[in-house]
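> got a sequence here, can you build the structure:
(chains A, B, C and D)
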There are 2 protein chains.
Amino acid sequence: MARHQVTIIDIAKELNISKSTVSRALTGHPSIKPETRQKVMELAEKWDYQKNMLAYQLMASRTNTIGIIVPEIITSFFPKVILGAQEAAQEAGYNVLISQSNEQYLTEVANTKVMLTNRVDGVLVSISKETQNFEHLETFRRKGIPLVMFNRVSTELKVPKVVVDDYKGAFEIMEHLISTGKKRIAHLSGPSKLYNIRKRKEAYLDALKKYNIPFDPELLIEYDLNLERVKIYVKYLLDLPNPPDALFAVNDPTAIEAIQVIKARGLSMPDDIAVVGFSNDNASQYMEPGLTTIIQPTHEMGRTAAQLLLNMIDKDVSEWKMLFKVLKPELVIRGSSQKI
Amino acid sequence: MARHQVTIIDIAKELNISKSTVSRALTGHPSIKPETRQKVMELAEKWDYQKNMLAYQLMASRTNTIGIIVPEIITSFFPKVILGAQEAAQEAGYNVLISQSNEQYLTEVANTKVMLTNRVDGVLVSISKETQNFEHLETFRRKGIPLVMFNRVSTELKVPKVVVDDYKGAFEIMEHLISTGKKRIAHLSGPSKLYNIRKRKEAYLDALKKYNIPFDPELLIEYDLNLERVKIYVKYLLDLPNPPDALFAVNDPTAIEAIQVIKARGLSMPDDIAVVGFSNDNASQYMEPGLTTIIQPTHEMGRTAAQLLLNMIDKDVSEWKMLFKVLKPELVIRGSSQKI
DNA sequence: CCACATTGTGGGAACGTTCCCATGAGAAGA
DNA sequence: TCTTCTCATGGGAACGTTCCCACAATGTGG
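So this is what the prediction gives:
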């Protein structure tokens, strides 16, 4: 079978002209006879010619491709961000190479190698929950490849970042709970290595302080985001001699798991215990009760991060700047925290 | 700045040997002196050398990349399929290039061009709801590039396909509804151009016939899968003089929308009306009531499709065969159709 | 001691583009 | 008529890899 794809050389031979001429005709070079261009275009069309990007990219030593490394694409959050980034990339004539770390550090390191070997022009990264060493990302800096972090970022790395104002969102959540009269608010948090999760915890603590609610260490739990463990922690909280009257979960999947336990106990929400999440999962609005949560501008986050990156690629900036783009969160109140 | 990535030539120069030797050392060629190999490896490590895939792929005239074209990645279905495909691809040393048609025919055509120009070794495609012409996919056959369709397939194209047994799944749904005593079962279907959706409709009709339930054309609606329209159709059904006592929705997102309307009317499920979906969306199990639906083996579908494709690439098959891989669906009964 | 295999290395083609530099033909100006 | 200029095209380098072929130095068998 003909494994050979048609090239400009094939076209050149057929028309008895040089490959240079064909190339010029196809790329729209001005100094080419209209008649020649016409012939070339027709044959290219007829033969289904498609430029070999590999050859072009090799010679141009740029791929017009940006890499995106995300922890996962199972929850709806990252796909939405990717969608935004992809749009911005496409508008600028860039392709997108996506890879997932599956929340594993080693896979993330492998992903960076894939990006390097495929010669992406820039990278968007949201780190895994395991990642604590950033040597693999430093490699990009050493090679002069622009990098932008989003959502799951690290302050240790001097690099532009796009995040939602987690502190503000979490603070609003706390004020909402407090305003409905809750006094014993538990927080099921995640690894405090993660910047945004740490910010949520800080807001939790600061809000307690501001409203003169004593902090009870029993009510603050940091877990590893492994959803299967949520049950254990929620049961622990409910079994306390003085159980919480509200639960602020670090994200929606956690809150959803928690709600299952609470329902199974026959407790009523929000009276017995109010529950809030963070990041508006697809399921949150359809649950019963609906889950109070924070809507993050996912699409905008993707767009912003991509635009930032494309700008760096365009300007050929060698220095990475420490820069924070902070997007606004939005509190949406549903039945899990307030009777409607 | 040094936009130049280190190449085997740089290493060769530094060590005063030829690029051939460096290449051999790195690829593990047997006839290389261990000492030389050692030196090369060390320098490569020190200089963070990463093979330039573009150059390799150009010369090998294969990219070890498979393309995947899907309608969207917003619902959980396609991401899960992609995940399965990606796993299989990775195990075989292949990368994956993902693109979405956003359910638009023209975007899908553009996507195929991206695949061609990036010289993917094979393509997995799930067509958009608009697609009725398959010339763009025929191009792959003409160029000898293997293609496998999955989920959203077309019988017009002589090509291997991986699908779930939609007929069986839909038939089981119908038997379940009938067994709970439902007599007036509505079906909110989609474009019958789509093979799997057509199969579901056929099962609906056949089940009615088998159980001697008269078919009422009023109860069968085909819509364009634009979720915003679901409200209209459900209201229409509920307002019929003789409204349905069960609704079989073509997929879960449709069912979820329908349930919102039904709840708003204050009707109770499943007594006033039972609702079932298809394809187990993330939200389905958390809703109240839980949504009865069909679990599709998404992960397995991705794996199977990718393996089929990789096999074709491997065997260098020029002829496309008409082949159906049919995966088993699984009925999961929840509160929307049966009291528990 | 000579023919011949073995070992390790180098040279250069090939993959398909683009782009710089030549080059030929014809037109324009003196 | 000769120089100069423009127009359209051709030739070949470059991008970074692998792999075929050549070849020198060493080892081996007669």
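> check which residues of the lengthiest helix in chain A are buried.
When chain A is parsed with DSSP state H, its longest helix is helix A:298-315. By neighbour count on 16 or more other CB atoms under 10 Å in any protein chain shown, the buried set for helix A:298-315 is A:298, A:300-310, A:312-313. C-beta: built from backbone N, CA, C; applies to glycine.
> name the nearest residue to the spatially most central residue of chain A, ignoring sequence neighbours.
The structure's chain A has its C-alpha centroid closest to A:Phe78; by CA atoms, centre = their mean the separation is 4.5 Å. Distances taken as CB to CB, 6 or more residues apart in numbering or on different chains place A:Val70 nearest to A:Phe78, at 4.4 Å, with adjacent residues excluded.
> tell me how many other residues surround that neighbour.
A:Val70 has 27 neighbours, counted by other CB atoms under 10 Å in any protein chain shown.
> what's opposite it in the beta bridge?
A:Gln100 (DSSP bridges).
> surely it is in contact with A:Gln100?
Yes - at 5.7 Å, A:Val70 and A:Gln100 qualify as touching, with contact defined as CB atoms under 8 Å.
> per-residue confidence for A:Ser337?
At A:Ser337, the model reports a pLDDT of 95.
> with adjacent residues omitted, what lies nearest to the residue of the stretch 101-250 of chain A found nearest DNA strand C?
Closest contact between the stretch 101-250 of chain A and DNA strand C, by CB to the nearest atom of the strand, is at A:Arg119 (13.5 Å). Spatial nearest neighbour of A:Arg119, excluding adjacent residues (CB to CB, 6+ apart): A:Thr63 at 5.1 Å.
> how close does the one you found sit to A:Leu310?
Look at A:Thr63 and A:Leu310: by CB to CB, to the nearest Å, they are 13 Å apart.
> can you tell me the SS state at A:His176?
Put simply, A:His176 is helix when judged by DSSP: H, G, I helix; E, B strand; the rest coil.
> repeat for A:Ser154
Three-state assignment for A:Ser154 (three-state DSSP): coil.
> could I get the full set of strands for the stretch 201-340 of chain A?
A:220-222, A:246-249, A:274-276, A:293-295, A:323-327, A:330-332 (DSSP state E, counting those that start in this stretch).
> who are the packing partners of the fourth one?
In other words, strand A:293-295. With contacts taken as 3 or more CB pairs under 8 Å, 6 or more residues apart in numbering or on different chains; DSSP states H and E, strand A:293-295 sits against helix A:166-179, strand A:330-332.
> now render the ones you listed as CSV, adding distance to chain B.
Conversion of the helices and strands packed on strand A:293-295 to CSV gives the following (distance: least, CB to the nearest CB, whole Å):
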stretch, distance to chain B
helix A:166-179, 20
strand A:330-332, 16
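> pick the most deeply packed of the ones you listed.
helix A:166-179 (a mean of 21; mean count of other CB atoms under 10 Å in any protein chain shown).
> what strands line up against the next helix or strand after that helix, and which way round?
As assigned by DSSP states H and E, the chain's next helix or strand after helix A:166-179 is strand A:185-189. Taking DSSP bridges as the criterion, strand A:185-189 forms sheet pairs with strand A:220-222 (parallel), strand A:246-249 (parallel).
> most tightly surrounded among those?
strand A:246-249 (a mean of 29).
> rounded mean pLDDT for that one, please.
What strand A:246-249 shows for mean pLDDT is 97.
> next one: stretch A:45-53
pLDDT averaged over stretch A:45-53 gives 95.
> does it reach DNA strand D?
No - using CB under 7 Å from any atom of the strand, stretch A:45-53 stays clear of DNA strand D, with a minimum separation of 11.0 Å.
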